[in-house]
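**Student:** the following comprises the amino acid sequence and a computationally predicted model.
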Amino acid sequence: MSLRVTGRVWVFGDNLNTDAMYPAFAMKMDPPEAAKHVFYEVRPGWTDQVAAGDIVVAGTNFGVGSSRPVAALFVELGVAGLVAEEFNSLFFRNAVNSGLAAMTVPDATTLFRDGDTGTFDLADGSWRNETTCAAGTVPPLPDLILDIIASGGVLPRLAAQGYLPAELGDVLRSSAVQMGGAGSGA
Amino acid sequence: MGLTIIEKILARKAGRSTVAVGDTVVVDVDMTVLIDLQFATMWLEPNRIHDPDKLAIVMDHAVPAPTLKDAAGGPRARKFAADFGIRNFYDVGRHGICHQVIAENGLARPGEVLACTDSHTCAAGAYNTAARGLGPAEVYSIMCTGTTWFQVAPTIRYELGGVKPPEVSGKDIFLHIANEYGDAANVNLEYGGAGLGGIPMHDRRTIATQGAEVSADFSTFEPDDVLRTYLDTCGVTGYRAAEPDPDATYADVRDVELSALEPYVARPGTVSRNGLPVSRLGQQKVDQAFIGSCANGQLEDLEIAANVLRGKTVATGVRLLVTPASQAVYREAMRRGYLQDIADAGAVVTNSTCGACFGYHMGVVGPGEVCITSSTRNFTGRMGSTDAEIFMASPATVAASAITGYITDPRSVTA
């Protein structure tokens, strides 16, 4: 996956928890169906509006809650990156392990508005609002984490290391296999 | 420079003399725990795993299986355990909520690193273990490689002082802290102090478990004689506990005077800056009451519930669900008569599982209903309908509320 993403941003608020993105009843569904319930109460209908390559921008404490693989649902929806003023560390790890670009940008929800185009470069920590021309940098992530994201997530990396059948290759980057291969959580 | 408990364990397991806040470290993991949900959708058997003796499988979230999807996971888990010779396999019948099974089987050891999928893995911090939930993909990776990575976060220390009143539990202590100080994302919590010896192990586990609710990284307790005695009874030996250094650096040190605490309740939505003493809540009717989960389905929690409920009757129109945290807890609570007292009062005692806590397969709450729960999480929609309200309190408060039909200070109903 790319460490540099450009796309339309959707701006959300603070304290978005995992149950608001992946409710328990959706855990009984296959990934494509489950993905239709992301933000089902917070912003009904959003999953019909979001398009491949879009980026989610959130406030503080993004992803507090459970281990259920919400990040894989964002991959299923085609979301290219997650940006937040502050991530819950478990949610951040799930994003990295899904090969999803994730960047912490202070004040992100005031620097970006719904529909702006944003560019985020994880390798050098730079970000830019292409609509308003605001720009800045944050400390880049450690090489280990960048390597997992660049590998397309932890499963393709494990396949490259010989822990999983190498012929699975690209299949391991799909959200369905991410959620099924390593399993789910709650 | 001195190290906190977590810094000390991470340095040790990374093979370094020290670590500092902001470092990213790769550490050896002593025990990795897989749960049933990992096997439910599909399961790719790895070519090889790091060490079958450092792996456990616990059937917990959806047992006995409520859906075909979950039912399909059981055979995969059994095949995987057989193929790779995994002896720590807690199949249905010797199962329980993974954090309870981890505790009662001595899988969490002081000074060591424990990894599990589930967000409440921080529960094992009660045993001076560096433990936290890492998600299914990470746990799969650790199963293969034996290692994981952590970004070392700053630590906040809670200095416990005084003696807690007998009717105040770990839940009340945690709800007080969550209300007073709010979220702790990307922060470790450390508990210690002169008052620690008066906090029993089950209360420590409730407090450690709920660190996830304030978004904390690790929640870890200092080792002391109470812990050592507990570990002796579990047969855990040969460990090397991690004490914080006297000159450890903390982001903040917060004093908690235990004698000043009273039963607490959190309002619906979050526990963070959203609680108050039960005595100040005002009249709040309830439809469902739940005692269970990794936080409060322990034997002592059931004993407390039985003591409140004995000889009393659950109010008309109220459902009280009680879910022992493991099969071992269930059997012992039955042997001691707790389950008899609880059921005689009109409660429904369920099989041990995560159950109503995460609104998946048992005890789901409907639109417009109000639930008082002693479980882990009170997010909107967590236990069922997004139009239901979830209040959180101790097992004593939940039991008292089930009797009166209103959220009730347990001090007002005890015999």
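**Tutor:** Perfect, I can see it now. Numbers count the residues shown, from 1 in each chain, chains lettered A, B, ... in the order given.
**Student:** helices and strands around the longest strand along chain A, which ones?
**Tutor:** As far as residue count goes, and with DSSP state E defining each element, the longest strand of chain A is strand A:4-11. Secondary-structure packing of strand A:4-11 (3 or more CB pairs under 8 Å, 6 or more residues apart in numbering or on different chains; DSSP states H and E): strand A:55-58, strand A:81-84, strand A:117-121. Placement of C-beta: from N, CA and C, glycine included.
**Student:** and the strands in the stretch 301-415 of chain B?
**Tutor:** Listed in chain order, the strands found in the stretch 301-415 of chain B under DSSP state E, counting those that start in this stretch are B:319-322, B:348-349, B:370-373, B:389-393.
**Student:** which one of those lies closest to chain A?
**Tutor:** Distances from chain A to each of the strands of the stretch 301-415 of chain B were compared by CB to the nearest CB, and the smallest falls on strand B:389-393, at 10.9 Å.
**Student:** distance from that closest one to the middle of the chain?
**Tutor:** Per CA atoms, centre = their mean, to the nearest Å, the displacement of strand B:389-393 from the mean C-alpha position of its chain is 17 Å.
**Student:** before we move on, what about stretch A:161-175?
**Tutor:** Relative to the centre of its chain, stretch A:161-175 is centred 20 Å away, using CA atoms, centre = their mean.
**Student:** which of the residues in that stretch are buried?
**Tutor:** Judged by neighbour count using 16 or more other CB atoms under 10 Å in any protein chain shown, the buried positions of stretch A:161-175 are A:163, A:164, A:168, A:172, A:173, A:174, A:175.
**Student:** thought residue A:155 was touching the fourth one, still the case?
**Tutor:** Yes - the pair residue A:172 and residue A:155 qualifies as a contact (CB atoms under 8 Å) at a distance of 4.2 Å.
**Student:** got a markdown table for the strands of the stretch 301-415 of chain B, with mean neighbour count and distance to chain A too?
**Tutor:** Output for the strands of the stretch 301-415 of chain B, formatted as a markdown table (neighbours: other CB atoms under 10 Å in any protein chain shown; distance: least, CB to the nearest CB, whole Å):
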| stretch | mean neighbour count | distance to chain A |
| --- | --- | --- |
| strand B:319-322 | 24 | 16 |
| strand B:348-349 | 18 | 20 |
| strand B:370-373 | 28 | 14 |
| strand B:389-393 | 26 | 11 |
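**Student:** next up, the contacts around residue A:89.
**Tutor:** The contact partners of residue A:89, taken as CB atoms under 8 Å, 6 or more residues apart in numbering or on different chains, are B:132, B:151, B:153, B:185, B:186, B:217.
**Student:** need the contact list for the residue nearest to residue B:162 when sequence neighbours are not counted.
**Tutor:** Using CB to CB, 6 or more residues apart in numbering or on different chains and skipping residues adjacent in sequence, the residue nearest residue B:162 is residue B:259, 4.0 Å away. Listed by CB under 8 Å, 6+ apart, the contact partners of residue B:259 are B:162, B:163, B:164, B:165.
**Student:** do residue B:71 as well
**Tutor:** Residues touching residue B:71, when contacts are defined by CB under 8 Å, 6+ apart, comprise residue B:65.
**Student:** using the three-state scheme, assign it.
**Tutor:** helix (DSSP: H, G, I helix; E, B strand; the rest coil).
**Student:** cool, the one 4 residues further on as well?
**Tutor:** Under three-state DSSP, the three-state class of residue B:75 is helix.
**Student:** for it, list the residues it contacts.
**Tutor:** When the contact criterion is CB under 8 Å, 6+ apart, residue B:75 has no partners at all.
**Student:** mind doing that once more with 10 Å?
**Tutor:** Applying CB atoms under 10 Å, 6 or more residues apart in numbering or on different chains, we find residue B:75 in contact with B:39, B:43.
**Student:** residue B:79 against residue B:72, yeah?
**Tutor:** No - under the criterion of CB atoms under 10 Å, residue B:79 lies out of contact with residue B:72, with a separation of 11.5 Å.
**Student:** identify the contacts common to these two.
**Tutor:** If you check residue B:79 and residue B:72 against CB under 10 Å, 6+ apart, the residues they both contact are B:39, B:43.
**Student:** and among the helices and strands packed on strand A:4-11, the most buried is which?
**Tutor:** Comparing the helices and strands packed on strand A:4-11 on average neighbours per residue, with mean count of other CB atoms under 10 Å in any protein chain shown, the densest one is strand A:81-84 at a mean of 27.
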